[in-house]
Each structure stands twice: as C-alpha cells, then as structure tokens.
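1. Structure of the sequence below:
(2 chains)
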There are 2 protein chains.
Amino acid sequence: MADLYVALVHHPVYNKHHKVITSSVTNIDVHDIARSCRTYGVKAFYVVTPVAALRALVRRIMRHWRDGEGRDYNPTRTEALDLVRLEPSLEGVGISIERETGALPAVICTTARLRPEAVPFSKLAADLRSPGPARLLLLGTGWGLTDELFQHADETLEPLAPGGDYNHLSVRAAAAIILDRLKGTR
Amino acid sequence: MADLYVALVHHPVYNKHHKVITSSVTNIDVHDIARSCRTYGVKAFYVVTPVAALRALVRRIMRHWRDGEGRDYNPTRTEALDLVRLEPSLEGVGISIERETGALPAVICTTARLRPEAVPFSKLAADLRSPGPARLLLLGTGWGLTDELFQHADETLEPLAPGGDYNHLSVRAAAAIILDRLKGTR
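-> Modelled structure (predicted):
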C-alpha cells in the first residue's frame, strides 16, 4: 500500500475574480479534515499557509486540544489533530514527506471543474492499494488551486460530480467524499 | 426514482453522558449540508430544533444569503440554502413531506455504531433508484440519535467505517459521504 498525505492549500489559490491570493485559514476546516484523514488512514494532514500568524493560531488551537481541558473534554478531537502539520509552502510539505519516506511524493491535484488530464477515482484508489511512492493530495481553498499547480502536478483527479449541474461542495465535504472514494471499504 | 429528504436532528439526541438533550444549531452545518444536498439532488433539507430562537437565527442567515448582498456575493450559497426548511419536530417534518408527496416518508436512521438491524448502503441506493415512497434520512448531532428514534425508524443505515478504529467524523463530513454513497454516480 502506498502512503497517502493530504495538504489543504491556502496559497497559491484563486479568489472569485481569478486573482492569485492567500486565503485565510478556517478553524473548522482543520478539525473536519483532520477527522476525515484520521478515519481513512491518511499519514499526515498539512495545513499550508505562508502567513505565520495563522500557523501560530492553528498551533494554539492544537495545543488547547492536546493538553489541558480540551483533551479531557473530547479525546477523539485530540487524536485527529495529532495528524495536523503546519507548513509555509508546498515545497516545505515535499521536503517533510521526503524526510519521512525517503522520496518526494507524487502530487495529485483536485478540482471541481473537469480538466482534460483528469484520472478517475478508481485509478488512484487502485494505485494506493499497490506499492509505490507516497501520494500527496492537494485540496484548494478559496476558488481553487492555481493553474500552475495543475501544470506541475503528477496527476489530477476527476471532479466529484462531473455530470451534475452544481459543483459547489464545501472543501470539508469534498475532502470527506474524496477520501471515502479513495480509501473507503465497500 | 424515490425522493430523498434529509433532516438534521437537534432533538432528541444524546450528549456525551448519554442524556437526551437539545443540541444547538451550528451555522456551518446548515451551509455545508445544504450544499451537499443540492449536489446530490436531495428534495429538501430540514433543520429540526424545538428552539424557536435558533430557528429564527437560521431564518435570518438564510435571508441574508437570499436577498441583499449575500446573493450578489455568492449565488451558489443562495441556491443551496433554498433547500433548507425549519421544523420544530420530526413530526412536523413528516407532515411537511406528506403534504408535498401525498404520503409519509420511510424514515432511515444513520449511526456511527454498528447496530444489528443495519442495512448496507448498496441496499438503500438501489431502493432510491426504484419507484417507492419518499425516504427521510435522519442525521444526528451531539452524540447521536436516541434509541427511541431507531426503534421507530423504518430502516437504519450501516456505519460508514464499520471495520475502522476511529468513527468520529463531523456530521458535515458524514452527511457528504452518505449522500455520495447513496446518490453519487460512479
């Protein structure tokens, strides 16, 4: 089985006017996606933002749930947050995974829009069941990952609802469904 | 095809000490689950709470996104929130669906714990593709739906990760995965 890592990208992403921006970190994204990652056996969940103050904020939230009252109140939250790692850039994520696994991961982009290079979920699910390099799944915030990231990625996953008339899931919901399709037993 | 309705239940649910309580309504649950319902063709999404002040709060949020600035800023959010209906009790939900479809719905409970009566996702997915009564899917908040609800339900869905060692997804994530398994095209 190949290891799966997840990164929630706050830069570079688009805003609604297709400008490249840094989106702000949403507390509930960290909690929800950490729980989904824990459920489906993801090795680590990277929250990627160049803003040091936001990384410090997430660190403080994690400390609350890891030590002190948070751990007593809700240990399952602590357990999920143990998967969270903070990095200023995707380059840092690559280096961190290389340090852990001995090689750079293959990078998989996700998108709500159909792209010509997209591969089906079944393909990546099968890849993850076979031996191979670690995979790093990129989730975009704001209005999505930039074209530059797609150009440099190893693969792009097909959208969740390619035939549908509405493709505006929250990133929390999309992350959960993507992990279930890739790693859920059914 | 049978119609699918979803209800997010804030009473009766358990707290962590297995006491029956009324949980508070979380703004982000309404937004996220409405988007997931819109994506997967759910007919309506009921937010069920006996607390009139909380129903009024949700109504105010919906108004913000339906009229005024919200609609201009993010019309996809408006479109999802158009599915949201507020009811003080599950009895009210049943009456509302009966008024719309001519019959009471079959009630389907969801749970993170394995129960002897649970049916597989594939069974309900097949049922939804066949003609039949409307189905009402109950999602619990807090520490889950009460035993009384399971006893009165027509069916209970199996947990998402019956073999896993961690079953603590957020209700937002669980709702998204459940709808994808029941209504996603794959």
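
2. which residues make contact with the strand or helix carrying A:Ala53 from outside it?
-> Using DSSP states H and E, A:Ala53 falls within helix A:52-66. Residues outside helix A:52-66 that contact it (CB atoms under 8 Å, 6 or more residues apart in numbering or on different chains): A:10, A:24-25, A:27, A:30, A:47, A:49, A:70-71, A:74, A:77-78, A:81-82, A:84, A:86, A:88. Every residue, glycine included, has its C-beta placed from N, CA and C.

3. from those residues, which ones fall inside strands?
-> Cross-referencing those against strands under DSSP state E gives A:47, A:84, A:86.

4. For those residues, which entry has the maximal number of neighbours?
-> Neighbour counts for the ones in strands among the contacts of helix A:52-66 (other CB atoms under 10 Å in any protein chain shown) peak at A:Val47, which has 24 neighbours.

5. Now do the same for it: its pLDDT.
-> pLDDT, A:Val47: 98.

6. Low-confidence stretches in chain A?
-> Applying pLDDT under 70 to chain A flags residues A:162, A:186.

7. Could you list the contact residues of it toward chain B?
-> A:16, A:28, A:31-32, A:35-36, A:38-40, A:74, A:76-77, A:79-80, A:121-122, A:160-161, A:163-164, A:166-170, A:172-177, A:180-181, A:184-186 (CB under 8 Å from any CB of the partner chain).

8. end-to-end on stretch A:17-32?
-> In stretch A:17-32, first residue to last residue: 27 Å (CA to CA, to the nearest Å).

9. Contacts for it, please.
-> For stretch A:17-32, contacts defined as CB under 8 Å, 6+ apart pick out A:8, A:10-15, A:47, A:49-51, A:54, A:57-58, A:61, A:77, A:80-81, A:84, A:141-143, A:146, A:171-172, A:175-176, B:28, B:170, B:172-173.

10. ok now it, how far from the chain's centre?
-> The chain centroid and the centroid of stretch A:17-32 are separated by 12 Å under CA atoms, centre = their mean, to the nearest Å.

11. Need the buried ones from the contacts of helix A:52-66 selected in ChimeraX.
-> Buried subset of the contacts of helix A:52-66, written as a ChimeraX selection, criterion 16 or more other CB atoms under 10 Å in any protein chain shown:
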select /A:10,25,30,47,49,70,77,78,81,84,86
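
12. follow-up on the earlier one: quick check: helices, which of the contacts of stretch A:17-32 are part of them?
-> A:54, A:57-58, A:61, A:77, A:80-81, A:171-172, A:175-176, B:28, B:172-173 (DSSP state H).

13. are any of the contacts of stretch A:17-32 buried, and which?
-> A:8, A:10-14, A:47, A:49, A:54, A:57-58, A:61, A:77, A:80-81, A:84, A:141-143, A:146, A:171-172, A:175-176, B:28, B:170, B:172-173.

14. okay, now A:Ala7: neighbour count?
-> Burial measure for A:Ala7: 24 neighbouring residues, criterion other CB under 10 Å.

15. quick one, what contacts it?
-> A:Ala7 touches A:45-48, A:87, A:90, A:93, A:136-139, counting by CB under 8 Å, 6+ apart.

16. Would you mind listing which of those residues are buried?
-> A:45-48, A:87, A:90, A:93, A:136-139.

17. a helix runs through A:Gln151, doesn't it?
-> Yes: the assignment for A:Gln151 (DSSP: H, G, I helix; E, B strand; the rest coil) places it in a helix.

18. gap between it and A:Leu145?
-> A:Gln151 sits 11 Å away from A:Leu145, taking CB to CB, to the nearest Å as the criterion.

19. cool, A:Leu8 as well?
-> Taking CB to CB, one finds A:Leu8 at 11 Å from A:Leu145.

20. can you count the residues close to the closest residue to A:Phe150 other than its chain neighbours?
-> Nearest residue to A:Phe150, sequence neighbours excluded (CB to CB, 6 or more residues apart in numbering or on different chains): A:Cys109, at 5.2 Å. Neighbour count for A:Cys109, taken as other CB under 10 Å: 25.

21. got the contact list for A:Cys109?
-> So A:Cys109 contacts A:138, A:145, A:149-150, A:153, A:155-157 (CB under 8 Å, 6+ apart).

22. Out of those residues, which comes closest to B:Gly132?
-> Of all these, B:Gly132 sits closest to A:Leu157, with 33.7 Å by CB to CB.

23. Just give the nearest non-adjacent residue to the closest one, would you?
-> Among residues not flanking A:Leu157 along the chain, A:Thr110 sits closest, at 5.0 Å (CB to CB, 6+ apart).
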